[in-house]
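Chemist: After the sequence you'll find the predicted model.
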Amino acid sequence: MSVIQEVIAKVKQIDPDQPEFHQAVEEVMETLEPTTKRHPEFVKANIYERIVEPERSVIFRVPWVDEKGNVRVNRGFRIQFNNAIGPFKGGLRFHASVNLGIIKFLGFEQTFNNALTTLPMGGAKGGSDFDPKGKSDGEVMRFCQAFMRELFRHIGPETDVPAGDIGVGGREIGYLYGYYKKIRNEHTGVLTGKGLEYGGSVIRPEATGYGTTYFAAEMLATRGLDFKGKIVAVSGAGNVAQYAVEKVNQLGGKVITLCDSSATVVDEQGIDAKKCRYVMELKNVKRGRIKEYADKYNTACFEGASVWDVIRDQGIKVDIAMPSATQNEIDASHAASLVKNGCICVAEGANMPSTPDAVKIFQENNMLYAPGKAVNAGGVATSGLEMSQNSMKLTWTREEVDKRLLIIMKSIHKACVETAETYGKKGDYVTGANIAGFIKVANAMLAYGVV
Ligand code: NDP
């Protein structure tokens, strides 16, 4: 058995109940096979086994009081995965499905994601099985305060800097940061995604969606194509999806889908800038359901179906797919229908939204396919820029941050393409992203000796 296969087998054996983590490890590790020959020093120092083990995993009780006065308890997590190249960094996810295996998969992916950004940030992830949907502002605030009451002792601007993810947006970051400031009595860059009034960066809310679109544009350019006139499917209706729609519109494409966990809307006319602003108001302020979009604009709505179910079942033609909701939303049947309906490019805004079988289908059909850890890295990259501004105690303009984001996305794309070629896998963005991220982290780990 190869070194890589041994590591995969061990991960499955010692943590049998973490399927998402197994999937992420397997997906990354299998593409690293060629590095074991080129870098015997990594094998000798057992980097492969060390890199799949988190530096530290914290699991904690989060008690809080709901509107009726009942005491409720959720489980909190912070997985500090790898800080070889910089302080731990990665988002917090509040969603009913959150468990240890999911947070470990996200923290593992984040390590490579962050290495690709060219900025000095290690990988981490955290969150809770708390579901903000249907909770009052007061309940969300009390939960965030209870969460920070424990998290504060594990984080710090030079140690670990969390940010948002599913279920954690501007409102939650405000409550979390406010409570950290209160109990630590300090105003520091300990969280990113902050409001502009208290240390946030312009373009941070937009960064993941914009960055995803910039990356997709780079992919299209390798075949002499661009967004103009292209039909685009975006899934989700949250932070990443909203700003992906905004940027695709600016680049001349037409987005025809959005979804939440209850329904998918299909708007053949296109979700233009005005409709996109409506979605932002609906989701970020009113905290409503995407079905209301269909009611307002009189479009098709498919309850209980994902964007990819609808594309498959209704035979809808799209040129570009940008999955931006959650993990494993695209399976083999969805991938096959995208291929059949003429889709040329899949750029993952979400983390691991395609199952391994779906990825295989994209690659076998020579589609432009790139994984989330490269495509969505604009979010954490701009968080890195927020940290820089906090350290320097100054703020850059919108143009400055957007320009830096575009440069970073182009450089990530270039690193993926060049690394894939170096390792004999031309056009394989998965191999390119994994190896490029891995080499940087592995070299740093090697330099430290056995720690
Ligand atoms: P949000 O919470 O803002 O939005 C998530 C959206 O996806 C919501 O509309 C949600 O619907 C929908 N969704 C969640 N689960 C499902 C499901 N099982 N089926 C259908 N729809 C679902 O999260 P983000 O936009 O921030 O994150 C989306 C993805 O992007 C995640 O994979 C995240 O890890 C990744 N990402 C985010 C970054 C960021 O900066 N925010 C950075 C890098 C990656 P509902 O409202 O019903 O829950």
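Modeler: The structure has been received and is ready for your questions.
Chemist: Phi and psi next, for the residue of the stretch 51-200 of the chain found nearest the ligand.
Modeler: Scanning the stretch 51-200 of the chain for the residue nearest the ligand gives residue 166, at 4.0 Å (criterion: C-beta to the nearest ligand atom). All C-beta spots, glycine's among them, are computed from the backbone N, C-alpha and C. Backbone torsions for residue 166, taken as degrees, to the nearest 10, come to phi -50, psi 130.
Chemist: Distance-wise, check it relative to residue 439.
Modeler: Going from residue 166 to residue 439 by C-beta to C-beta, to the nearest Å gives 30 Å.
Chemist: more crowded one of those two?
Modeler: residue 166 (24 against 18; other C-beta atoms under 10 Å).
Chemist: my guess is the more buried one meets residue 241, correct?
Modeler: No - assessed by C-beta atoms under 8 Å, residue 166 is found out of contact with residue 241, at 11.3 Å.
Chemist: longest strand anywhere in this protein?
Modeler: Criterion DSSP state E: the longest strand present in the chain is strand 71-82.
Chemist: Around the ligand, pick out the residues from the stretch 301-450 of the chain.
Modeler: 306, 324-326, 349-351, 376, 379 (C-beta under 6 Å from any ligand atom).
Chemist: Please list all residues in contact with the single nearest residue of the stretch 351-451 of the chain relative to the ligand.
Modeler: Closest residue of the stretch 351-451 of the chain to the ligand, C-beta to the nearest ligand atom: residue 379 (3.1 Å). Residue 379 is in contact with 163, 204, 207-208, 211, 240, counting by C-beta atoms under 8 Å, 6 or more residues apart in numbering.
Chemist: picking that back up, okay, and which of the residues of the stretch 301-450 of the chain next to the ligand map to helices?
Modeler: residue 379 (DSSP state H).
Chemist: Take the residues of the stretch 301-450 of the chain next to the ligand and write them to TSV, including pLDDT.
Modeler: Below are those laid out as TSV (pLDDT from 0 to 100):
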residue	pLDDT
306	98
324	98
325	98
326	97
349	98
350	98
351	96
376	97
379	96
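Chemist: top of the residues of the stretch 301-450 of the chain next to the ligand by neighbour count?
Modeler: Going by other C-beta under 10 Å, residue 324 tops those with 33 neighbours.
Chemist: could you list every residue that touches it?
Modeler: So residue 324 contacts 209, 212, 234-236, 238, 240-241, 244, 349-350, 353 (C-beta under 8 Å, 6+ apart).
Chemist: from the residues you listed, which is closest to the ligand?
Modeler: Distances from the ligand to the contacts of residue 324, taken by C-beta to the nearest ligand atom, are shortest for residue 238, at 1.8 Å.
Chemist: Verify the contact between that closest one and residue 164 for me.
Modeler: No - counting by C-beta under 8 Å, no contact exists between residue 238 and residue 164, whose distance comes to 9.8 Å.
Chemist: Compare these two (neighbour count), which wins?
Modeler: More crowded of residue 238 and residue 164, by other C-beta under 10 Å: residue 164, with 27 against 24.
Chemist: Tally up the residues packed near residue 186, please.
Modeler: Residue 186: 10 neighbours (other C-beta under 10 Å).
Chemist: Can you name the residues of the stretch 101-250 of the chain that neighbour the ligand?
Modeler: Going by C-beta under 6 Å from any ligand atom, the residues of the stretch 101-250 of the chain near the ligand are 164-167, 169, 208, 236-241.
Chemist: From those residues, which land in helices?
Modeler: Taking DSSP H, the ones among those that sit in helices are 208, 239-241.
Chemist: ok so, going back, which residues touch the residue of the stretch 51-200 of the chain closest to the ligand?
Modeler: Neighbouring residues of residue 166 by C-beta under 8 Å, 6+ apart: 93-95, 238, 326.
Chemist: Give the rounded mean pLDDT of the longest helix along the chain.
Modeler: Ranked by number of residues, the top helix in the chain under DSSP H is helix 398-422. Averaged over helix 398-422, pLDDT sits at 97.
Chemist: now stretch 427-439
Modeler: 98.
Chemist: And that stretch, what's buried?
Modeler: Neighbour-count burial for stretch 427-439 flags 427-439 (criterion: 16 or more other C-beta atoms under 10 Å).
Chemist: Among these, which are located in helices?
Modeler: 429-439.
Chemist: and this structure, what are its domains?
Modeler: 1-53+429-451, 54-186, 206-364 (automatic domain parsing).
Chemist: What's the end-to-end length of the second one?
Modeler: End-to-end distance of domain 54-186 (C-alpha to C-alpha, to the nearest Å): 29 Å.
Chemist: average pLDDT across stretch 118-125?
Modeler: 96.
Chemist: wait, is residue 256 part of a helix?
Modeler: No - counting by DSSP: H, G, I helix; E, B strand; the rest coil, residue 256 falls outside a helix, being strand.
Chemist: I'd like to know which elements the longest strand of the chain is packed against.
Modeler: strand 56-65, strand 88-94, helix 100-116, strand 123-128, helix 137-151, strand 160-163 (3 or more C-beta pairs under 8 Å, 6 or more residues apart in numbering; DSSP states H and E).
Chemist: Reformat the ones you listed as CSV; add mean neighbour count.
Modeler: Formatted as CSV, the helices and strands packed on strand 71-82 follow (neighbours: other C-beta atoms under 10 Å):
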stretch, mean neighbour count
strand 56-65, 15
strand 88-94, 28
helix 100-116, 27
strand 123-128, 30
helix 137-151, 20
strand 160-163, 26
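Chemist: who wins for proximity to residue 23 among the ones you listed?
Modeler: helix 100-116 (6.9 Å; C-beta to C-beta).
Chemist: what is the orientation angle of that closest one with strand 71-82?
Modeler: 40 degrees (axes from the mean of the first three to the mean of the last three C-alpha atoms, to 10 degrees).
Chemist: what's the distance between helix 100-116 and the middle of its chain?
Modeler: When C-alpha coordinates are averaged (C-alpha atoms, centre = their mean, to the nearest Å), helix 100-116 and its chain have centres 9 Å apart.
Chemist: Show the low-confidence segments of the stretch 51-200 of the chain, by residue range.
Modeler: Within the stretch 51-200 of the chain, no range satisfies pLDDT under 70.
Chemist: ok, residue 223 touching residue 319?
Modeler: No - when contacts are counted by C-beta under 8 Å, residue 223 is not listed as touching residue 319 (11.8 Å).
Chemist: Need the overlap of contacts for the two.
Modeler: Common neighbours of residue 223 and residue 319, counting by C-beta under 8 Å, 6+ apart, are residue 344.
Chemist: Comparing these two, which residue is more hemmed in?
Modeler: Per other C-beta under 10 Å, whichever of residue 223 and residue 319 has more neighbours is residue 319, with 19 against 11.
Chemist: Contacts only, for the more buried one.
Modeler: 230-232, 342-345.
Chemist: Distance-wise, check it relative to residue 7.
Modeler: Counting by C-beta to C-beta - residue 319 and residue 7 are separated by 38 Å.
Chemist: what's the answer for residue 235, then?
Modeler: Counting by C-beta to C-beta, the gap from residue 235 to residue 7 is 32 Å.
Chemist: These two: which is more packed in?
Modeler: Using other C-beta under 10 Å as the criterion, residue 235 and residue 7 rank with residue 235 on top: 28 against 23.
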